[in-house]
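In: from the sequence below, what's the structure:
(one chain, ligands or ions: 1)
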Amino acid sequence: MIKLGVNIDHIATLRQARRTYEPDPVWGASIAELAGADCITVHLREDRRHIQDRDVTLLRQTVQVKLNLEMGNSPQIVDIACGVKPDQVTLVPEKREEVTTEGGLDVVNHFESLKQSVKKFKKLDIKTSMFIDPQNDQIEASQKVGAEFVEFHTGTYANALSEEDVDNELNKLVSVCELSHKIGLRVNAGHGLTYKNVQAVCKLPYLEELNIGHSIISRSVFVGLSQAVMDMKQILEKYS
Ligand code: PXP
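Out: Next up, the predicted model:
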């Protein structure tokens, strides 16, 4: 069965709206884990708009499943990651003005600096994943840079409106999953996935894990976080 990584950033987004102590994403992580999450994912952004350094430190101490730290490849954040030692680092592109991660990491054009960071993480036994668009050149560069995983950005699939566009995006994802596996990379995916559009993604070959945030946290406002995680787990169980 495909594993579920629950991205809890938006619990912190709500807390930061008032700069108070609630809702605490650390509590959220425990609830998600008890409901069946296989991985807890957080993005420590340079502008600290949601997740704070304190959250990452506490999550490292309390999360029992895999802890996946999403981050841009900046020296300050790389140092923090090396200190915290999450189980996995997912390197993402990061722009201050964006609402969420827009597009995949350009591994081809940032090859050397990414290679240095992957090397640092490897020494500390931290697995590295590259969050990339479904493109062959980015996959090949991710393998050469020494990453263990790629995470395919599913945003274009999620935003596709016509049946034809959806099919094209799915076919593209099938082909990049196959290529990744062929050259020894492990495969994750995420971004923009919902309780509806995730069903087809579950059929992708070699897919190990999906990272899902916005849709789960949105549903949790109405049904509670446990139920929202269990509902998503049920879909992954049924369709993968
Ligand atoms: N994977 C990565 C690398 C991301 O940056 C995000 C968004 O933070 C997600 C998955 C989850 O995306 P969404 O919140 O749209 O489910």
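In: so which residues of this structure form helices?
Out: Remark: helices assigned in the chain by DSSP state H are 9-18, 25-34, 53-62, 75-84, 111-123, 136-145, 155-159, 163-182, 198-201, 214-223, 225-239.
In: identify the residues contacting the longest one?
Out: Around helix 163-182, the neighbours that count as contacts under C-beta atoms under 8 Å, 6 or more residues apart in numbering are 134-136, 139, 143, 150, 152, 154, 156-157, 160, 186-187, 189, 200-201, 204-207. Backbone N, C-alpha and C define where each C-beta goes, glycine included.
In: ok, the last one next?
Out: The set of residues that contact helix 225-239 without belonging to it, under C-beta under 8 Å, 6+ apart, is 1-4, 6, 28, 31-32, 34-37, 195, 198-199, 202-203, 210, 212, 215-217, 219-220, 223.
In: how about the third one?
Out: Defining contact as C-beta under 8 Å, 6+ apart, one finds that helix 53-62 is touched by 12, 25-26, 29-30, 40, 42, 44, 67, 69, 80, 84-86.
In: return the distance of stretch 182-200 from the chain's centre.
Out: How far stretch 182-200 lies from its chain's middle: 10 Å, per C-alpha atoms, centre = their mean, to the nearest Å.
In: my error: substitute stretch 22-41 in the last question.
Out: Relative to the centre of its chain, stretch 22-41 is centred 15 Å away, using C-alpha atoms, centre = their mean.
In: stretch 158-175 now?
Out: On the basis of C-alpha atoms, centre = their mean, stretch 158-175 sits 20 Å off its chain's mean C-alpha point.
In: which residue of the protein sits farthest from its center?
Out: In the chain, counting by C-alpha atoms, centre = their mean, E164 sits farthest out from the average C-alpha position, at 26.6 Å.
In: how about the residues of the chain near the ligand?
Out: Applying C-beta under 6 Å from any ligand atom, we find that the chain lies next to the ligand at 7, 9, 43, 70, 90, 92, 100-101, 131, 151, 190-193, 211-215.
In: if you compare the helices of the chain, which one is most tucked away?
Out: Ranked by mean neighbour count under mean count of other C-beta atoms under 10 Å, these are led by helix 25-34, which reaches a mean of 21.
In: circling back to that earlier point, need the max-distance pair from the contacts of helix 53-62.
Out: S30 and I80 (22.1 Å; C-beta to C-beta).
In: any stretches of this protein with poor pLDDT?
Out: 96 (pLDDT under 70).
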